[in-house]
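**Student:** Next input, structure requested:
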Amino acid sequence: MRIVSILALSALFAGAVPTTTADYYTLPSIERIGKNLYKSTKVIIETRACLHVPVDDEDALLKYLGPGDYEIVWEDRSTCQVERVTLGETLPI
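**Tutor:** Okay, here's the model as predicted:
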């Protein structure tokens, strides 16, 4: 019975895709600049229904989920869906 449980557990993990560090991008000193609008030192991010208000000098991660699909991962491990990511130099904010 124990071998069957181990084999079943192994089969579950075999189908899982591991997340690598290349799937995350650092968002240093992110701040909220408007409703569903955040600015980091590198990018400006528009989110969907995100109510998180970062604390002073909070860092976050931008997680790549697939082509054109990202989410912000905050220090408290909460997340927000991302609508659009724009390089900070292109917007005069």
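**Student:** in the sheet, who's paired with residue 63?
**Tutor:** residue 24, residue 71 (DSSP bridges).
**Student:** pretty sure it contacts residue 26?
**Tutor:** No - under the criterion of CB atoms under 8 Å, residue 63 makes no contact with residue 26, lying 11.1 Å away. From N, CA and C alone the C-beta is placed, and that goes for glycine too.
**Student:** what's the spacing between residue 37 and residue 66?
**Tutor:** Distance, residue 37 to residue 66, using CB to CB, to the nearest Å: 23 Å.
**Student:** Between residue 63 and residue 26, tell me which one has more neighbours.
**Tutor:** Taking neighbours as other CB atoms under 10 Å, residue 63 and residue 26 compare with residue 63 leading, 16 against 12.
**Student:** how about low-confidence regions in this structure?
**Tutor:** For the chain, the stretches with pLDDT under 70 are 1-22, 88-93.
**Student:** quick one: the helices in it?
**Tutor:** Secondary structure of the chain (DSSP state H): helices at 2-14.
**Student:** Can you give the contact residues for the longest strand along the chain?
**Tutor:** Among all segments of the chain classified by DSSP state E, the strand with the greatest residue count is strand 79-87. Strand 79-87 has contacts (CB atoms under 8 Å, 6 or more residues apart in numbering) with 36, 42-50, 52, 62-63, 69-74.
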